[in-house]
Every structure is written in C-alpha cells, then in structure tokens.
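Participant: Structure of the sequence below:
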Amino acid sequence: MILRCARCSSTLGNNAREDGPGGDGLSVDSKCRNIPVGLLNLLLRRSPAKNQKSSLRNGYRIFLTAAGRSFLVAGLIFAGLVTSSRGVVVVNSPADAAALQAALSGTRLTITSVSIRTGEAGQFGTYTGFTNAPITIENGVVLSSGEVAFVGPPPDPVVDYPEPSYEMGSLGTPEFDAYGPGHIENFSSSHDVAALQVDFHLDTNSPVKFDFVFGSVEYPFWTSDFTDALLVFLDGTDPTNQIAFDKNNQPVQVGNSFAGLVVTSDANTTFAAPHGMLVKLTTTTARLAPGDHTLIFEVGDVNDTFLDSAAFIANLRAEEGVQGTEPTDPPPPLVLNGCQSQNNTNCVSLSWMDNGVAAILEESDTVTGGWNAVSTPWTTNGIWLQALVNSTNSTGFFRLKKR
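Facilitator: Numbering: from 1, shown residues only. Take a look at the predicted model:
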C-alpha cells in the first residue's frame with residue numbers, strides 16, 4: 001500500500017500498516033507537512049472492477065493494489081446498475097446508449113446515436129427530479145469527473161477536501177487539452193474527462209439549443225487552482241468548435257465562470273453551500289444546415305484528479321434563437337408584502353426568491369412605459385430578497401428585468 005497526500009502527492013513513508021481486527025483501518029506516521037499526524041479510518045468507495053483503487057478523505061489518498069483481497073468492506077460496490085436517491089435528484093448509472101438518447105429528448109431534431117468517447121461507465125447517467133427551487137432543470141443526462149451516483153444531496157460541509165471526490169483513472173482528451181490554454185484559467189492538463197458524443201439530424205435549417213447547469217465541489221476553496229470545466233464541441237474538435245460559455249461569454253469553468261455568477265442555494269444536489277453551481281443556462285448554436293451534425297459534451301478535472309464536478313444537460317432541441325448563452329429562466333415573480341401611506345408618501349414592501357437569475361428592480365407610474373431602476377438597497381433573508389420602495393406617485397408598477 002502507498003499512502004500519499006491528495007494535493008502534493010508526497011509519499012507518507014513505508015510505515016503504514018493495517019490496524020484493527022481484520023485490517024479494517026490504517027495507522028500512519030505522516031511525513032507530509034500538509035497533513036497532521038494521526039490515525040485515519042478510510043472508506044473504500046470505488047468500483048472493484050479496476051486493478052488500482054483509490055479513495056480521498058481529509059486530504060489522504062490510499063491506493064490498494066493487492067489483487068483478490070477484500071479490504072475495507074464498509075464501502076459501496078458498483079456492480080451493474082446503481083440508483084442514487086439521496087434527496088430530490090435520482091441518478092441511474094451506468095445508463096446505456098438508448099437511455100441516454102431518450103433522456104436528451106431531441107425535439108424537432110432526430111438523435112441518431114449516443115456514444116461514450118472517453119470515460120468510465122459510472123461517469124455517465126440519466127437523472128430525474130431536479131425540481132426543488134430555486135434551481136431547477138428538466139430530466140436529462142448527467143456527466144461527472146467522478147461517480148455520478150454521488151451527485152445528490154446532502155452537500156459535504158468540508159471546504160478544502162470535500163466529497164464527492166473520485167479518481168476515475170480516465171484520461172483527458174486531445175481537444176480538451178488543446179482548448180484549455182488561454183481559455184481555462186490556470187490550465188495545465190485535463191483528467192478524468194467524461195466525453196459523450198451525440199449525433200443528430202436536422203430536416204430543415206435551424207439553430208439548436210440545450211439547457212445545462214454545472215456544479216463543483218472545487219468551489220469555494222480551489223476555484224483558481226483546479227478549474228474543472230464543461231466543454232461542448234459542435235461538428236469538430238478544433239478549439240473554434242467549442243460553443244458552451246457562461247452568460248459573460250467565458251468558458252464554463254470553476255474560476256472565471258464562477259466569479260459573480262455562482263449560486264450556493266441549490267436544493268437538489270451536492271453542489272449546494274458551501275459549494276456552488278452556475279444557474280441554469282441555455283446555449284443556442286448558429287443556424288445549422290439540414291443534415292447530420294455532432295455535439296460532444298465533455299466534463300473533466302483540470303490540473304488534478306480529485307474533487308468532482310458535474311454537468312446536468314437537458315432538452316436538446318431545434319428552435320429559433322440568438323446565438324450565444326443566456327440564463328434559461330426568467331426573473332422570479334415579485335411578491336407584494338404590503339403598502340403603507342404616510343405624509344403623501346407610499347412605502348411599498350416587495351420580495352422575491354433568488355433563483356440565480358441576475359435582475360434589476362424597476363418601477364414606473366404606468367404599465368406601458370417609462371421604466372426606471374430602483375435604487376433602494378435590498379436585504380436578504382435566506383433565499384429571499386426584499387426591498388422597501390418609497391414613492392410619492394399616486395400609482396406605481398414594479399417589475400424585475402433580467403440583466
């Protein structure tokens with residue numbers, strides 16, 4: 001057995017030994033300056049199908065290379081279909097090509113085939129039940145740099161070395177590594193890439209759209225160092241074929257994309273506070289000619305093989321729209337809490353749920369025109385926002401407008 005630090009990979013010496021009855025624990029004298037000395041009980045949570053297994057917990061990574069031996073039985077063994085139902089999201093993994101194809105929908109276009117280009121079967125799945133506000137998305141497919149069976153809640157409160165964190169043993173891809181420099185913050189190399197190819201046919205020329213959310217437990221501790229990313233290539237794997245961006249036209253990644261756009265209030269997955277995700281986004285392609293086309297969706301670890309990130313992708317369709325990426329959902333509805341009048345001044349109390357869509361509160365004295373931004377500061381109570389607006393107008397109309 002070899003025990004290493006998960007981040008610096010320094011070996012902790014040859015004095016590791018099996019501890020306790022049946023060898024169900026591990027005692028080690030740590031030589032790494034980043035990890036305290038002490039006894040560590042590790043859980044093995046990887047598939048026995050691999051020759052080399054690893055687990056991450058509190059900064060340690062243990063490799064078990066003894067063939068044919070059952071070590072640490074308190075793990076979860078992946079054999080056949082795994083269903084994860086911790087919380088709202090239910091993930092089925094591994095999913096066969098037919099299930100993945102059906103989950104992507106394919107409205108006004110025909111999906112002709114779906115195939116795994118790179119990655120392990122456990123990195124792909126279908127999901128249902130992503131329905132708890134404020135972040136929701138239709139049923140679809142999920143890709144992860146780790147095991148998709150563990151993307152459900154609850155979130156791990158640990159900030160620096162949280163779960164889920166699985167080293168899949170998958171490689172990066174040439175297109176991921178070619179795109180990374182100059183596009184992904186502090187990019188060096190890609191690892192554990194899950195790449196899904198979707199071939200489809202258009203009968204008439206049309207833009208194509210898909211919705212997605214992207215979350216990571218790299219946030220908030222490692223956002224500028226290990227910038228896991230989602231890339232989507234259309235009709236080729238040249239860097240110019242990459243079409244997935246955030247609403248600020250940055251590649252979707254932990255780092256630049258998360259700056260000012262991260263949401264920590266998700267109630268469906270493990271990517272809730274203290275971790276985060278991007279609000280649901282819709283990517284619209286340029287107008288495509290009739291005929292056959294290919295999309296390649298890729299999620300991967302960047303600069304290391306730990307701390308998982310995942311993308312939930314849904315509602316692939318042919319539909320008119322402006323090329324680019326925008327938040328899918330509209331601003332949330334306004335709630336009128338009350339109105340009081342004193343000394344010819346109306347004080348209006350408004351509130352709304354933070355669904356992750358950046359919006360501006362505006363007011364007008366008519367419903368048809370003259371909208372102006374309200375400068376009143378907002379207060380926050382959990383996922384709710386509130387504003388008190390004073391006005392001398394006899395009538396008033398208010399709205400939230402997407403930024």
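Participant: what helix or strand does residue 102 sit in?
Facilitator: In the assignment (DSSP states H and E), residue 102 maps to helix 97-103.
Participant: List the buried residues for that helix?
Facilitator: Neighbour-count burial for helix 97-103 flags 99, 100, 101, 102, 103 (criterion: 16 or more other Cβ atoms under 10 Å). Quick note: C-beta positions are derived from backbone N, CA and C, even for glycine.
Participant: got the contact list for the residue nearest the centre of the chain?
Facilitator: Nearest to the mean C-alpha position of the chain, by Cα atoms, centre = their mean, lies residue 215 at 2.1 Å. With contacts defined as Cβ atoms under 8 Å, 6 or more residues apart in numbering, residue 215 is in contact with 151, 266, 269, 270, 271, 275, 276, 277, 278, 309, 310.
Participant: do that again at 7 Å, thanks
Facilitator: Under the criterion of Cβ atoms under 7 Å, 6 or more residues apart in numbering, the neighbours of residue 215 are 269, 271, 275, 276, 277, 309, 310.
Participant: which secondary structure elements does the helix holding residue 102 contact?
Facilitator: Counting by 3 or more Cβ pairs under 7 Å, 6 or more residues apart in numbering; DSSP states H and E, the packing neighbours recorded for helix 97-103 are strand 110-118, strand 124-128, strand 140-144.
Participant: for the ones you listed, which one sits closest to residue 190?
Facilitator: Comparing those against residue 190 with Cβ to Cβ, the closest turns out to be strand 110-118 (9.8 Å).
Participant: helices and strands around that closest one, which ones?
Facilitator: helix 97-103, strand 190-202.
Participant: Would you convert the ones you listed into JSON lines that also reports mean pLDDT and distance to residue 184?
Facilitator: Converted to JSON lines, the helices and strands packed on strand 110-118 look like this (pLDDT from 0 to 100; distance: least, Cβ to Cβ, whole Å):
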{"stretch": "helix 97-103", "mean pLDDT": "95", "distance to residue 184": "26"}
{"stretch": "strand 190-202", "mean pLDDT": "97", "distance to residue 184": "9"}
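Participant: any chance of the ones you listed in a markdown table, plus distance to residue 286?
Facilitator: As requested, those are exported to a markdown table (distance: least, Cβ to Cβ, whole Å):
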| stretch | distance to residue 286 |
| --- | --- |
| helix 97-103 | 24 |
| strand 190-202 | 13 |
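Participant: contacting residues around the nearest residue in space to residue 166 that is not next to it in sequence?
Facilitator: Excluding the flanking residues, the one nearest residue 166 by Cβ to Cβ, 6 or more residues apart in numbering is residue 146, at 3.6 Å. The neighbourhood of residue 146, defined by Cβ under 7 Å, 6+ apart, consists of 164, 165, 166, 168, 192, 308.
Participant: same check, this time on residue 99
Facilitator: The contact partners of residue 99, taken as Cβ under 7 Å, 6+ apart, are residue 126.
Participant: Pull up the gap between it and residue 336, please.
Facilitator: Computed as Cβ to Cβ, to the nearest Å, the residue 99 to residue 336 distance reads 45 Å.
Participant: Distance-wise, check residue 105 relative to residue 363.
Facilitator: Counting by Cβ to Cβ, the gap from residue 105 to residue 363 is 39 Å.
Participant: Next: residue 214.
Facilitator: Distance, residue 214 to residue 363, using Cβ to Cβ: 34 Å.
Participant: These two: who's more crowded?
Facilitator: Remark: of residue 214 and residue 363, residue 214 carries more neighbours, 28 against 19, as counted by other Cβ atoms under 10 Å.
Participant: any idea of the mean pLDDT for whichever strand or helix holds that one?
Facilitator: Element membership for residue 214, per DSSP H and E: strand 208-216. Averaging pLDDT along strand 208-216 yields 97.
Participant: again, but for stretch 298-307
Facilitator: Mean pLDDT, taken over the full extent of stretch 298-307, equals 96.
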